[in-house]
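K.L.:
Got a sequence here, can you model it:
(chains A and B)
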Amino acid sequence: MRLECRDLSFRYSDKQPFILEHFSMSVSEGERVGLMAPSGSGKSTLAKLLAGILRPASGEVLLDGRPIQSGGVRPVQLIFQHPELAINPRWRMRRVLEEAGEPEPELLAGLGIEGQWLGRYPRELSGGELQRFCIARALLSNARFIIADEMTTMFDVITQAQIWAAMLDAAQKRSLGLIVVSHNRRLIDRLCTSVIELKK
Amino acid sequence: MGDVILQINDLTVEFNMYDGRFSRAPLRVIDALSMTVRAGEVLAVAGSSGSGKSLLAHAILGLLPGNASAGGEMLFKGEPLTPERIRKLRGSEIALVPQSVSYLDPLMRVGAQVAGADRSGGAKLAMKSIFERFALSEETERLYPFQLSGGMARRVLVSTAAISGAELIIADEPTPGMTLEQAVEALRVFRELADEGRAVVLITHDVDLACAFADRIAVFYAGTTVETASAEEFRAGESALRHPYSRALWRALPQNGFEPIPGRQPYAGSLPDGCLFAPRCPMATDECRSGRIPMRELRGGEVRCIHAT
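P.N.:
Purely as a prediction, here's the structure:
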């Protein structure tokens, strides 16, 4: 499987300058591509374009040569910097997961999610714990590609290493393609098979 | 060494939580915390997310929510920080760089917020020079907070504290969302403020930045400090550190092994009896599990571990 974008351009409105112009890249399954760029240069916008959440002004996003679907459960899943904003605050964690699929105990154990957390509301868990649910949710949806947009920026280094150990393990078992967006050069060097640097 | 600016002795912070429908129980989130900050130094407070680092900042500034109470003693330049005194000092002698961008007034242009009420022009000049350092364009002054990106808003918050003239600056996670270059620039500003004789408390989970710019690092875990070490010792590596948790932090850095330890920090309200780190510690013995472990001096630093050498 291969996720690619060709000649992608995007701006938020006709009056604003282009955030991305004629940008192309590709990721294959099993690959881990790091994406580094100054803030405000369109990293998060690119992540949303690749996931099919935003539509490009021109150019295309292709999954195995076919345009990426825009409805339903997406095969390219995004994980954001702030998990508390990516989870319905009025749902218990079990329901958050069930939206994507039946939670498999083995998967949850691999991510370090404790069984009793499923009965809790998001506000009763820490950010690091919530982020594990976001990963579990993405995996349960049978995503083929996962884009981690500053996934561990808000966490201490032990939590960061725990979350990435679980993520890499799952990615390897399922032969997922990963795109890792981060400011942290050392983290990218540690995680990725290749690096793309966006210029402003 | 400079004069002691801030001295904290045995600080506790408790939240009054509802326990069921009718009873209330205190939940202790900071316990037995002591630290000293001197003029001319940057003290980094580093450690796990959710360990109470931000609450420490809010306790010093008297900004705890209504259902929280602080115990112990806090001295600013040798005199107790009472609620009345902190109200007077806040913003003039003690400045906060808040963690959340939502601390900016949404209805006020950025320039007016940074320069403050000072109309003499001095503050405006200072603002212009600091904005230039942070690569914030002149138009930024006329923007409202909602028009700023996350990284820009952080730089605005740092600018505010930098030109305040405060003697004690408490920066609560000032760098997330900034690029490395911006973060380095922000920390260089804090370093310079300290070199001019101010005291800076830098609360951060970025161990790399703390090592590069701080003089000393206080390592926080589950609501208290487990070690105070010099930044040099953190740079030197695992063997120079004292507490098993500090060593685990060092080993978890992407450049030093990226090795996580299992388990999680205990929740306030269900803390273990003895050492707070014992459930995850490879060195833990029965002695570690009975009674709180006091802080002790060791090799020029401090550690809360009976096995540390």
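K.L.:
So what touches the worst-scoring helix or strand of chain B on mean pLDDT?
P.N.:
When each helix and strand of chain B is scored by mean pLDDT, DSSP states H and E, helix B:150-162 comes last, with a mean of 85. Contact with helix B:150-162 is made by A:39-40, B:95-98, B:101, B:103-104, B:110, B:113-114, B:116, B:127, B:130-131, B:134-136, B:140, B:145, B:148, B:169, B:171, B:174-179, B:182, B:186, B:189-190, B:193, as judged by CB atoms under 8 Å, 6 or more residues apart in numbering or on different chains. Every C-beta, even on glycine, is put in place using the N, C-alpha and C of the backbone.
K.L.:
what comes up buried for stretch A:107-124?
P.N.:
Using 16 or more other CB atoms under 10 Å in any protein chain shown as the test for burial, stretch A:107-124 gives A:107-108, A:110-113, A:117-118, A:122.
K.L.:
do stretch B:195-207 and chain A meet at all?
P.N.:
Yes - looking at stretch B:195-207 against chain A by CB under 8 Å from any CB of the partner chain, the contacts come from B:205, B:207.
K.L.:
Chain A: strands as residue ranges?
P.N.:
A:2-10, A:20-28, A:32-36, A:58-63, A:66-67, A:76-79, A:145-149, A:177-181, A:194-197 (DSSP state E).
K.L.:
Which residues of chain B lie near chain A?
P.N.:
With CB under 8 Å from any CB as the criterion, chain B meets chain A at residues B:47-50, B:149-152, B:176-183, B:205, B:207-208, B:248-249, B:252-255, B:258-262, B:264.
K.L.:
Show me just the buried residues among those.
P.N.:
Buried among these (16+ other CB under 10 Å): B:47-50, B:151-152, B:176-180, B:182-183, B:205, B:207-208, B:248-249, B:252-254, B:258, B:260-261, B:264.
K.L.:
how long is stretch B:103-114 from one end to the other?
P.N.:
End-to-end distance for stretch B:103-114, by CA to CA, to the nearest Å: 12 Å.
K.L.:
Same check on stretch B:169-177?
P.N.:
One end of stretch B:169-177 sits 20 Å from the other (CA to CA).
K.L.:
And for that stretch, what's in contact with it?
P.N.:
Contacting residues not belonging to stretch B:169-177 are listed as A:39, A:153-154, B:53-54, B:57, B:60-61, B:94-99, B:149-151, B:154, B:157-158, B:161-162, B:182-183, B:186-187, B:190, B:193, B:198-206, B:209 [CB under 8 Å, 6+ apart].
K.L.:
Keep only those of those residues that are in strands.
P.N.:
Judged by DSSP E, the contacts of stretch B:169-177 include B:94-97, B:199-203 as members of strands.
K.L.:
circling back: among the buried residues of stretch A:107-124, which pair sits farthest apart?
P.N.:
A:Gly110 and A:Pro122 (21.0 Å; CB to CB).
K.L.:
just to revisit the earlier point, of all the strands of chain A, which lies closest to chain B?
P.N.:
The closest of the strands of chain A to chain B is strand A:32-36. By CB to the nearest CB, the value is 9.1 Å.
K.L.:
picking that back up, next, the angle helix B:150-162 makes with whichever helix or strand comes after the least confident helix or strand of chain B.
P.N.:
Next along the chain after helix B:150-162, taking DSSP states H and E as the criterion, comes strand B:168-172. If you take axes from the mean of the first three to the mean of the last three CA atoms, to 10 degrees, strand B:168-172 sits at 170 degrees to helix B:150-162.
K.L.:
Paired strands for strand B:168-172, with orientation please.
P.N.:
Strand B:168-172 sits in its sheet next to strand B:94-97 (parallel), strand B:199-203 (parallel), going by DSSP bridges.
K.L.:
Does anything pack onto the helix or strand following the shortest one? Which helices or strands?
P.N.:
Along the chain past strand B:94-97, the next helix or strand (assigned with DSSP H and E) turns out to be helix B:110-115. If contacts are counted by 3 or more CB pairs under 8 Å, 6 or more residues apart in numbering or on different chains; DSSP states H and E, helix B:110-115 sits against helix B:122-133, helix B:150-162.
K.L.:
Show which residues not belonging to helix B:110-115 make contact with it.
P.N.:
B:104-105, B:123-124, B:126-127, B:131, B:140-145, B:148, B:156, B:159-160, B:163.
K.L.:
Make a ChimeraX selection of the buried ones in these.
P.N.:
The buried subset of these, as determined by 16+ other CB under 10 Å, is captured in ChimeraX by this line:
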select /B:104,123,124,126,127,131,140,141,143,145,148,156,159,160,163
